[in-house]
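> Sequence first, then the predicted structure, then my questions.
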Amino acid sequence: MAPQVTVDSINARVIECQYAVRGEIVILAQKLRQEIQAKPEAYPFQEILYCNIGNPQSLGQKSITFFREVLALCDHPAILAKSETQALFSADSIERARKILDQIPGRATGAYSHSQGIKGLRDTIAAAIEARDGFPADPNDIFMTDGASPAVHMMMQLLIRSEKDGILCPIPQYPLYSASIALHGGTLVPYYLDEATGWGLEVSELKKQLQEAKSNGITVRALVVINPGNPTGQVLAEENQKAIVEFCKEEGLVLLADEVYQENVYVPEKKFHSFKKVARSMGYGEKDIHLVSFQSVSKGYYGECGKRGGYMEVTGFGADVREHIYKLASVNLCSNITGQILASLVMSPPKVGDKSYESYIAERDGILSSLARRAKTLEDAFNKLEGITCNKAEGAMYLFPRINLPKKAIKAAEEVKTAPDLFYCRRLLNETGIVFVPGSGFGQVPGTWHFRCTILPQEEKIPAIVTRLTDFHKRFMDEFRD
Ligand SMILES: Cc1ncc(COP(=O)(O)O)c(CN[C@@H]2CONC2=O)c1O
């Protein structure tokens with residue numbers, strides 16, 4: 001029999017799905033890295049500078065000591081019985097590990113847990129949400145997942161019945177959303193963030209897109225908001241959030257609040273407010289709005305992407321719907337226990353007076369202040385380049401500069417059947433080793449071109465990135481200037 005599985009015979013939705021963060025430009029970078037290793041003398045640079053993915057620890061960021069001590073002790077409880085442990089681990093790490101192990105059936109991190117996650121850890125997370133927001137949180141509303149990604153997939157799986165169901169998504173958006181909507185056979189209904197107002201989210205734009213979708217026979221089920229924004233880095237003003245909550249309530253839309261960057265706010269004039277807090281402060285409770293809030297251990301100051309931890313807080317759904325969400329979670333049995341423990345730790349870190357508090361705060365603030373400096377340095381560098389404008393990164397981990405490409409460059413891109421921003425990023429990669437993701441991978445106003453750069457390379461590497469980029473950009477513009 002000839003091979004039966006061909007591209008023509010696999011699920012068309014898989015073919016339609018795109019995920020640029022690890023797409024073409026990154027695959028090229030990996031090939032280039034191998035070529036450099038094989039023939040270093042053939043290249044003007046020896047190192048690929050990955051600025052494509054929000055993966056802090058792959059670029060040298062250290063993990064948080066207290067979190068790792070607790071994880072180590074939980075994963076190998078025999079250490080707790082050893083006399084030397086007292087000298088190697090802080091007293092509060094030992095105490096926290098013992099408390100967590102007592103919450104795990106069989107005190108075994110190798111066992112399956114409840115499909116929503118270990119109850120005691122959900123108690124901790126719910127208490128932390130209450131302390132953060134000042135409003136009650138129910139541990140039974142928490143579904144712990146292997147990062148925020150599977151939680152997003154679960155909600156898309158629940159809400160999308162056919163291509164007639166639409167999900168309102170920001171443009172530019174983090175392509176998990178467009179990919180998940182495609183995989184589940186739904187329709188992405190775009191709403192454009194306004195670059196001129198620092199990526200503002202106007203409710204008038206939401207209403208316009210909702211009406212247009214309805215006129216095309218699309219039933220819009222939910223609204224995705226990413227706050228702080230990826231790739232755009234804006235932090236929503238509380239008044240804006242109130243208008244968004246009102247819109248979702250009025251239109252009966254599920255509010256999918258992606259808050260994985262809630263700890264990443266760099267500007268003093270902005271503060272993170274959860275959509276749960278905003279909705280409750282407006283007097284809207286369980287019966288008024290469907291709200292799902294996503295959190296992850298991959299971002300913040302912890303950057304524990306590889307540990308795959310996170311949760312969604314699911315509120316406002318009836319018990320009958322909740323049963324089906326639980327059933328979806330149970331199909332995957334449970335999320336990994338390390339990720340669950342870590343999710344409870346990032347939501348409930350050392351407090352004032354705890355033995356580890358001083359060292360924890362020093363690590364946390366050291367990372368966040370460095371991220372803020374890197375964001376500013378790169379933003380300033382981009383704004384000095386000919387034809388490039390870059391909004392401030394108020395939060396998150398990215399900058400998303402706009403590049404006004406000369407017509408000659410756009411023509412050259414068309415001649416090689418490449419999107420102009422990918423053309424620029426490919427030339428940048430081949431000439432400098434710097435990996436940006438083209439704006440096409442996130443969506444942008446037609447006719448505008450952007451690229452996304454993370455603020456994650458360690459501070460000592462930033463000057464080299466700025467120098468290589470600046471020199472390249474000048475050569476590129478000299479070659480293609482109209
Ligand atoms: C807005 C947003 N939501 C969810 C996720 C998924 O996170 P986890 O599944 O790891 O919890 C990411 C990851 N950020 C991607 C990954 O790195 N760069 C990005 O843009 C994200 O940026």
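Yes, it's here.
> Could I get the full set of helices for the stretch 1-150 of the chain?
Taking DSSP state H, counting those that start in this stretch as the test, the helices found in the stretch 1-150 of the chain are 12-16, 24-38, 65-75, 85-88, 91-103, 119-133, 148-159.
> for those helices, which one sits closest to the ligand?
helix 148-159 (3.3 Å; C-beta to the nearest ligand atom). Using the backbone N, CA and C atoms, a C-beta is placed for each residue, glycine as well.
> Name the residues of that closest one that are buried.
Of the residues in helix 148-159, Ala148, Ser149, Pro150, Ala151, Val152, His153, Met154, Met155, Met156, Gln157, Leu158, Leu159 count as buried by neighbour count, 16 or more other C-beta atoms under 10 Å.
> got the contact list for it?
Residues from elsewhere that reach helix 148-159 (C-beta atoms under 8 Å, 6 or more residues apart in numbering): 143, 145, 165, 167, 176-177, 180-181, 183-184, 186, 221-222, 254, 256, 258, 260, 292, 294-296, 298, 310-312, 321, 324-325, 328-329, 332, 335.
> is it true that Arg33 touches Leu49?
No: counting by C-beta atoms under 8 Å, Arg33 stays clear of Leu49, with 10.8 Å between them.
> neighbour count winner among these two?
Higher neighbour count among Arg33 and Leu49: Leu49, with 21 against 16, using other C-beta atoms under 10 Å.
> phi, psi of the residue of the stretch 51-200 of the chain found nearest the ligand?
Closest to the ligand within the stretch 51-200 of the chain is Gly147: 2.8 Å, counting by C-beta to the nearest ligand atom. Main-chain torsions, Gly147, degrees, to the nearest 10: phi 90, psi 170.
> For Val265, see how far away it is.
21 Å (C-beta to C-beta, to the nearest Å).
> Compare the two and say which one has the larger neighbour count.
Set Gly147 next to Val265 and count neighbours by other C-beta under 10 Å: Gly147 wins out with 25 against 18.
> Next up, the contacts around the more buried one.
Ser296, Val297, Ser298, Cys305, Arg308, Gly309, Gly310, Gly339.
> Then Tyr311?
Residues near Tyr311 by C-beta under 8 Å, 6+ apart: Gly117, Arg122, Ile125, Ile142, Phe143, Met144, Thr145, Ala151, Phe294, Gln295, Ala343.
> Mind picking the two most distant members of these?
Within the contacts of Tyr311, Arg122 and Phe294 form the most distant pair, 15.3 Å apart (C-beta to C-beta).
> and these two? which has more neighbours close in?
Neighbours per residue, other C-beta under 10 Å: of Arg122 and Phe294, the larger number sits with Arg122, 27 against 23.
> Would you quantify the distance from that one to Ala81?
Counting by C-beta to C-beta - Arg122 and Ala81 are separated by 28 Å.
> ok, back up a step: can you tell me which of the contacts of Gly147 are in strands?
Ser296, Gly310 (DSSP state E).
> Going by distance to Gln61, which of the contacts of Gly147 wins?
Cys305 (10.2 Å).
> correct me, but the closest one touches Gln57?
Yes: between Cys305 and Gln57 there is a contact at 6.9 Å, judged by C-beta under 8 Å.
> Please report the confidence value the model assigns to the residue of the stretch 51-200 of the chain closest to the ligand.
As predicted, Gly147 sits at a pLDDT of 98.
> Same check on Met397?
Confidence score, pLDDT, at Met397: 97.
> Can you name the residues that contact the nearest residue to it once chain neighbours are set aside?
In this structure, Met397 finds its nearest non-sequential neighbour in Gly54, 4.6 Å apart by C-beta to C-beta, 6 or more residues apart in numbering. Counting by C-beta under 8 Å, 6+ apart, Gly54 touches Asn230, Ser298, Lys299, Cys305, Ala396, Met397, Tyr398, Thr454, Leu456.
> Quick check: phi and psi at Val265.
phi -120, psi 120.
> how about the nearest residue to it once chain neighbours are set aside, phi and psi?
Distance criterion C-beta to C-beta, 6+ apart; nearest residue to Val265, sequence neighbours excluded, is Gly395 at 4.4 Å. When read as degrees, to the nearest 10, the backbone of Gly395 gives phi -160, psi -170.
> could you measure Gly395 against the ligand, distance?
According to C-beta to the nearest ligand atom, to the nearest Å, Gly395 and the ligand sit 11 Å apart.
> For Leu256, give its distance to the ligand.
10 Å.
> burial count for Cys453?
Around Cys453 there are 28 residues (other C-beta under 10 Å).
> now for the longest helix along the chain, which elements pack on it?
The residue-count maximum for a helix in the chain (DSSP state H) belongs to helix 357-383. Packing partners of helix 357-383 (3 or more C-beta pairs under 8 Å, 6 or more residues apart in numbering; DSSP states H and E): helix 65-75, strand 388-389, strand 398-399, helix 462-480.
> which parts of the stretch 201-350 of the chain sit against the ligand?
Ile226, Asn230, Asp258, Val260, Ser296, Ser298, Cys305, Gly310 (C-beta under 6 Å from any ligand atom).
> at 5 Å what do you get?
Ile226, Asn230, Asp258, Val260, Ser296, Ser298, Gly310 (C-beta under 5 Å from any ligand atom).
> Between those, which sits nearest Thr418?
Of all those, Thr418 sits closest to Asn230, with 24.2 Å by C-beta to C-beta.
> Now for that closest one, how many residues are close by?
Look at Asn230: counted by other C-beta under 10 Å, it has 27 neighbours.
> Show me which residues of stretch 97-108 are buried.
Ala97, Ile100, Leu101, Gln103, Ile104.
> Could you list the residues in contact with that stretch?
Counting by C-beta under 8 Å, 6+ apart, 69-70, 73-74, 77, 80, 111, 113, 118-121, 337, 341, 344 sit against stretch 97-108.
> one more time with 7 Å, if that's ok
Val70, Leu73, Cys74, Pro77, Leu80, Ala111, Ile118, Gly120, Leu121, Ile341 (C-beta atoms under 7 Å, 6 or more residues apart in numbering).
> which of the residues you listed count as buried?
Among these, those buried by neighbour count (16+ other C-beta under 10 Å) are Val70, Leu73, Cys74, Ile118, Gly120, Leu121, Ile341.
> isn't the fourth one right up against Gln340?
By that I understand Ile118. Yes: between Ile118 and Gln340 there is a contact at 5.7 Å, judged by C-beta atoms under 7 Å.
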